[in-house]
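Engineer: Have a look; sequence and predicted model below, questions after that.
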Amino acid sequence: MEDPKQLIEEGRFEELAQEDHPLWRGLALLELKRWPQAARAFEDAPDAGQSGTMLELSGAAHWLAGERDLALERWTAALDAAYEGPASPLKAPALLVYAGTRMSDERFVLRGTRLLRKGWRPKIQRIWPGPVAGYLLGEVEEKIFLEEGYSSPDLEARRFAAAHFWVALRRPEEARQHYQAAVEAEGASVLEVEHHLAHGELG
């Protein structure tokens, strides 16, 4: 099997769907819109229930499959899961804000916002995805959120896709153009749960 990152860069998702590693296989299946298979790939991973990333992505697969209760179950579980970076745990509360907004269920919006507020620190703004929390809390200006990027091409592709997704959520009147930007970013943006949710919004 070739380098999975190379396959992503070249859009060779059918090949990537044969990958042994559950993360890469699941991401490929999300891109191919095979939602139930994607959810299984993420959930069959070793320690999937303790990995915030795997829970976020399996939640997205269920959400895209129309299984919103299962999606919320996974995203809620991600609140207590393990993450690698200091800002990464802020993504799960943000996903509750997204779900609550799309379902018009204020309970999830309030819970997600409360947890974002609890985890927010100004210094987190420099570490992705910290700016997502800052933006949703009104602590980071939209222009800065959209335009202030990173020198690493991979991280920048991920940041660009995710930032446009969250601006779309906050600006329904301009949502389509921002969701479009979130899916057009190529390569490493596939690693961001927002990239896949934006595909669903456009679909």
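Structural biologist: In hand now; what should we look at?
Engineer: can you pull the buried residues of the helix-or-strand element of the chain with minimal mean pLDDT?
Structural biologist: None of the helices or strands of the chain scores lower by mean pLDDT, DSSP states H and E than helix 4-9, at a mean of 81. Within helix 4-9, the residues scored as buried using 16 or more other CB atoms under 10 Å are Pro4, Leu7, Ile8. Backbone N, C-alpha and C define where each C-beta goes, glycine included.
Engineer: Pull that helix out as CSV, backbone CA atoms only.
Structural biologist: Extracted C-alpha coordinates of helix 4-9, given in CSV (Å, rounded to 0.1, in the frame of the first residue of the first chain):
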residue,chain,number,x,y,z
PRO,A,4,-2.0,7.0,2.8
LYS,A,5,-1.2,10.8,2.7
GLN,A,6,-0.1,10.5,-0.9
LEU,A,7,-3.4,8.7,-1.8
ILE,A,8,-5.3,11.5,-0.1
GLU,A,9,-3.4,14.2,-2.0
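Engineer: Can you give the contact residues for it?
Structural biologist: Residues outside helix 4-9 that contact it (CB atoms under 8 Å, 6 or more residues apart in numbering): Phe13, Glu15, Leu16, Glu19, His21, Trp24, Leu27, Ala28, Glu186, Gly187, Ala188, Val190.
Engineer: Could you rerun that using 7 Å?
Structural biologist: Applying CB atoms under 7 Å, 6 or more residues apart in numbering, the contact partners of helix 4-9 are Glu15, Leu16, Glu19, Trp24, Gly187, Val190.
Engineer: how many neighbours does Ala161 have?
Structural biologist: Neighbourhood size, Ala161 [other CB atoms under 10 Å]: 27.
Engineer: What is the biggest helix by length in the chain packed up against?
Structural biologist: Assignment by DSSP state H gives helix 153-170 as the longest helix of the chain. Contact here means 3 or more CB pairs under 7 Å, 6 or more residues apart in numbering; DSSP states H and E; on that basis helix 153-170 packs against helix 130-136, helix 142-147, helix 175-184, helix 193-202.
Engineer: any idea of the angle that helix forms with helix 193-202?
Structural biologist: Per axes from the mean of the first three to the mean of the last three CA atoms, to 10 degrees, the angle that helix 153-170 makes with helix 193-202 is 40 degrees.
Engineer: that older thread, got the buried residues for whatever helix or strand comes next after the least confident helix or strand of the chain?
Structural biologist: Per DSSP states H and E, the first helix or strand lying C-terminal to helix 4-9 is helix 13-16. Applying a neighbour-count criterion of 16+ other CB under 10 Å, one finds Phe13, Leu16 buried in helix 13-16.
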